[in-house]
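Q: build me a structure from this.
(one chain, ligands or ions: 1)
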Amino acid sequence: MIWNETVECMDREEMKKLQSLRLKRVVERVYHNCEPYRKRMQEAGVTPEDINSIDDIVKLPFSSKKDLRDYYPFGLLSSPMSEIVRIHASSGTTGKPIVVGLTRNDLSVWKEVGARCLTAFGLTNKDIVQVSYGYGLFTGGLGAHDAVQNIGGTVIPMSSGNTQKQIMLMHDLGANALACTPSYALYLAEAMEASEYNRDEFKLRVGVFGAEPWTESMRKEIEQKMGIKAYDIYGLTEIIGPGVGYECECQNGTHLNEDHFYPEIVDPETGEPVELGQVGELVFTTLTKEGMPLIRFRTRDLTALHYEKCSCGRTFVRMDKIMGRCDDMLIIRGVNVFPSQIEAVICETEEFEPHFFITVDRINNTDTFEVQVEVKEAFYSDDIKSMLELKKKIAHKIQGVIGIQPDIKLVEPRSLQRSEGKAKRVLDKRVLV
Ligand code: DLL
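A: Residues are numbered from 1 along each chain as shown. From the prediction side, this is the model:
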């Protein structure tokens, strides 16, 4: 099923024309309404008059997460605050989140692209969808929520957590689809198995999974455990949230909603375009955003694009599964974690030396997250009770900042390796195939 055949199956030349028109419009918008963009374009010697086709996009300067931080919270808005109807945010390296503002039209675009995803997953107004992405500043919950309502489906706005209740309601309300991170889906699958219900008492048919990298083997594992078909949904807060891209029934890559979000792949080091089909950093330009349009936004996500028509009939470009990120952000159980956030917490806690080591792994398809922290001499003791308390204290503090709790391993003073250059503080053992 296709939600918007006119656009999703549009002739590539037509698409190019639409993108060109929209690029011109959005460039004019930021140039006239947003000082930092105007300045940056002036520095690069480009004006809106230089942008006449989508191919001219390479003349425009890049934007990045750093810009969102530098102009925190509202410096990159291109609409007056009176037109902003929703704020979303994601955690950043500095403790300050990255904040975005959406207008009414932006929300309509989001609902539209969300509906395209759910329809491609085979969902209709007859379906009941349990949304178990977190609600709140994170885009997952509300993004999926609005998409379900747009196709006329029934939404169960569960949010994440409270696993036993998730299982009970999924069973009692007869949810046909589950929207959450793939790792949470696995957890839920285990909880289903351990529950008082048999698997065939659930009506679950489709999984709407994204917000973190996941492998084909993980997909199979979830599909088998839950007896469902699992689909990939891609997105990021800065661009809109879930719905930037989606798989169709062919599951031969992630179609990108390129009438709204124009993708490019560049070399992460040089910023130069890579050859067609080659892996590089994904860059997006929002072609229709009003609140906070982003021009050539560096996602740090690594992937490749393919333009051959898909057998589903869609002409939208297809993106390979995200291979990883080219910066140091870790995604653990769907949550963005920066080592510097952990560092900040440890440094603020008097019992610890400013040395730590993070080990991330994936065991039985679930992320493990260990932080080794070095206790100061004065606080280190053989007393198990006081050591356990210390562990608890730091684990809670870290959870307060990043939202998930690590396994803390307290280590003796001076036992962690000291750095003579750049510190290596993360070991990510997860191998994504
Ligand atoms: O994770 C938005 C989202 C919510 C997408 C629910 C899908 C479902 P952020 O928190 O800003 O937004 O994180 C964005 O997560 O740059 C990728 O690195 C990663 N990511 C998101 N979806 C996928 C996916 C949401 N399907 C960052 N596969 C992105 C791999 C993904 N990585």
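Q: quick one, what contacts the residue of the stretch 1-150 of the chain found nearest the ligand?
A: Using C-beta to the nearest ligand atom, the single residue of the stretch 1-150 of the chain nearest to the ligand is G140, 3.6 Å away. Any C-beta I mention is one placed from the backbone N, CA and C, and that applies to glycine too. Counting by C-beta atoms under 8 Å, 6 or more residues apart in numbering, G140 makes contact with Y133, G134, A179, C180, T181, G210, A211, G241, P242.
Q: tell me if I'm right that N105 and E290 touch.
A: Yes - here N105 reaches E290: they are 5.4 Å apart, a contact under C-beta atoms under 8 Å.
Q: looking at these two, which has the bigger crowd around it?
A: Neighbours per residue, other C-beta atoms under 10 Å: of N105 and E290, the larger number sits with E290, 21 against 15.
Q: can you get me a residue count around the residue nearest to that one when sequence neighbours are not counted?
A: The shortest distance from E290 to any non-neighbouring residue, by C-beta to C-beta, 6 or more residues apart in numbering, is to T103 (4.3 Å). Using other C-beta under 10 Å, T103 has 21 neighbouring residues.
Q: do N198 as well
A: That count, for N198 with other C-beta under 10 Å as the rule, works out to 10.
Q: I233 now?
A: I233 has 28 nearby residues by other C-beta under 10 Å.
Q: strand partners (parallel or antiparallel) of the helix or strand harbouring it?
A: With secondary structure defined by DSSP states H and E, I233 is part of strand 229-236. Applying DSSP bridges, strand 229-236 is found paired with strand 206-210 (parallel), strand 241-247 (antiparallel).
Q: returning to what we had before: which strand or helix spans the residue of the stretch 1-150 of the chain closest to the ligand?
A: Per DSSP H and E, G140 falls inside helix 139-150.
Q: orientation of that helix relative to strand 241-247 in degrees?
A: 70 degrees (axes from the mean of the first three to the mean of the last three C-alpha atoms, to 10 degrees).
Q: pLDDT of the next helix or strand after helix 139-150, averaged?
A: Once the chain leaves helix 139-150, the next helix or strand it forms, by DSSP H and E, is strand 154-156. The average pLDDT for strand 154-156 rounds to 98.
Q: what of stretch 22-33?
A: pLDDT averaged over stretch 22-33 gives 98.
Q: run the chain-centre distance for that stretch.
A: Mean C-alpha position of stretch 22-33 versus that of the full chain (C-alpha atoms, centre = their mean, to the nearest Å) differs by 26 Å.
Q: what does it contact?
A: With C-beta under 8 Å, 6+ apart as the contact definition, stretch 22-33 has outside contacts at 37-38, 41, 47-48, 51-54, 56-57, 60, 78-79, 259, 262, 285-290, 293, 295.
Q: what comes up buried for stretch 108-122?
A: Using 16 or more other C-beta atoms under 10 Å as the test for burial, stretch 108-122 gives 109-122.
Q: that stretch and the ligand, are they touching?
A: No - using C-beta under 6 Å from any ligand atom, stretch 108-122 never reaches the ligand; the gap is at least 9.2 Å.
Q: mind listing the residues bridging to the residue nearest to E290?
A: Going by DSSP bridges, T103 forms beta bridges with I84.
Q: secondary structure element holding D361?
A: For D361, the host element (DSSP H and E) is strand 352-363.
Q: how about that strand: buried residues?
A: Residues F352, E353, H355, F356, F357, I358, T359, V360, R362 are the ones in strand 352-363 that count as buried (16+ other C-beta under 10 Å).
Q: in its sheet, what does that strand sit against?
A: strand 366-375 (antiparallel), strand 426-428 (parallel).
Q: contacts for the shortest one, please.
A: Residues lying outside strand 426-428 but in contact with it, judged by C-beta under 8 Å, 6+ apart, are D328, L330, P339, F357, I358, T359, V360.
Q: now with 6 Å?
A: Applying C-beta atoms under 6 Å, 6 or more residues apart in numbering, the external contacts of strand 426-428 come out as P339, I358, T359, V360.
Q: export the residues you listed to JSON lines and tack on pLDDT?
A: What follows is the contacts of strand 426-428, written out as JSON lines (pLDDT from 0 to 100):
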{"residue": "P339", "pLDDT": "78"}
{"residue": "I358", "pLDDT": "95"}
{"residue": "T359", "pLDDT": "96"}
{"residue": "V360", "pLDDT": "95"}
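Q: now render the residues you listed as a markdown table, adding distance to D267.
A: Output for the contacts of strand 426-428, formatted as a markdown table (distance: C-beta to C-beta, whole Å):
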| residue | distance to D267 |
| --- | --- |
| P339 | 25 |
| I358 | 28 |
| T359 | 30 |
| V360 | 27 |
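Q: between the residues you listed, which is nearest the ligand?
A: Closest approach to the ligand among the contacts of strand 426-428 (C-beta to the nearest ligand atom): V360, at 14.6 Å.
Q: relative to P339, how far out is the closest one?
A: 11 Å (C-beta to C-beta, to the nearest Å).
Q: kindly report the same for V58.
A: Counting by C-beta to C-beta - V58 and P339 are separated by 33 Å.
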